[in-house]
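Enquirer: Sequence first, then the predicted structure, then my questions.
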Amino acid sequence: MKVLDLYCSQGHVFEGWFGSEKDFQQQRSAGFLQCPLCGCVHIEKGLSAPRLNLGAAKPKAEPAHSTRQQAPVSPPSAPPLPALATEQHANLRALQAAWMKASRVAVKNSEDVGAHFAEQALQMHRGELEEKPIRGQASLEQARELLEEGVAIMPLMLPKDGGENLQ
Ligand SMILES: [Zn+2]
């Protein structure tokens, strides 16, 4: 199966799927190929361009006997770059919002042990203290020691406190 980037005499770009290059030529000369947008039959094969993976993955089947490369295709529905940037920005904001929410839930469901955090977290890890969700302050050095001991800790972003606390 070959995926070809096609364009019509009006400049509309679309994808065509063919068993081979020959199939494409035959279908075109028989007038079977039509632009899906304007219906014109003057179809040309597009130039090769790097494929942008913006959409869902399309199934691919490469014939073993063919040494020709598949023509890279840009999906006609690909959003323009500014729209993509906006979308990525929106995703980032959603991620930050989810992070903040998770932080708040963690705070709500944990006991504030303040400066004893590192000490207690380590004791729990070693089984010297009953395990429970705790939060508190830890210095970077303490956090590093906890991580080295294999203690699962998570930094929290709490704008209300005006700083970063390590849990
Ligand atoms: Zn067209």
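Expert: Structure received. Numbers count the residues shown, from 1 in each chain.

Enquirer: Could you give me the buried positions within the lengthiest helix in the chain?
Expert: For the chain, the helix that runs over the most residues, judged by DSSP state H, is helix 81-108. Using 16 or more other Cβ atoms under 10 Å as the test for burial, helix 81-108 gives 103, 107. Every C-beta, even on glycine, is put in place using the N, C-alpha and C of the backbone.

Enquirer: How about the contacts made by residue 132?
Expert: Applying Cβ atoms under 8 Å, 6 or more residues apart in numbering to residue 132 gives the contacts 110-111, 124.

Enquirer: Tell me the one of those nearest the ion?
Expert: residue 110 (60.6 Å; Cβ to the ion).

Enquirer: Now that closest one: closest residue in space that isn't a chain neighbour?
Expert: Of all residues not flanking residue 110 in the chain, residue 133 sits nearest, at 3.8 Å (Cβ to Cβ, 6 or more residues apart in numbering).

Enquirer: PyMOL command to pick out the buried ones of the contacts of residue 132?
Expert: If you want just the buried ones from the contacts of residue 132 in PyMOL, going by 16+ other Cβ under 10 Å, the selection is:
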select buried, resi 124
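
Enquirer: a markdown table for the contacts of residue 132, including pLDDT, secondary structure and distance to residue 102?
Expert: Output for the contacts of residue 132, formatted as a markdown table (pLDDT from 0 to 100; DSSP: H, G, I helix; E, B strand; the rest coil; distance: Cβ to Cβ, whole Å):
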| residue | pLDDT | secondary structure | distance to residue 102 |
| --- | --- | --- | --- |
| 110 | 85 | coil | 12 |
| 111 | 86 | strand | 17 |
| 124 | 89 | helix | 21 |
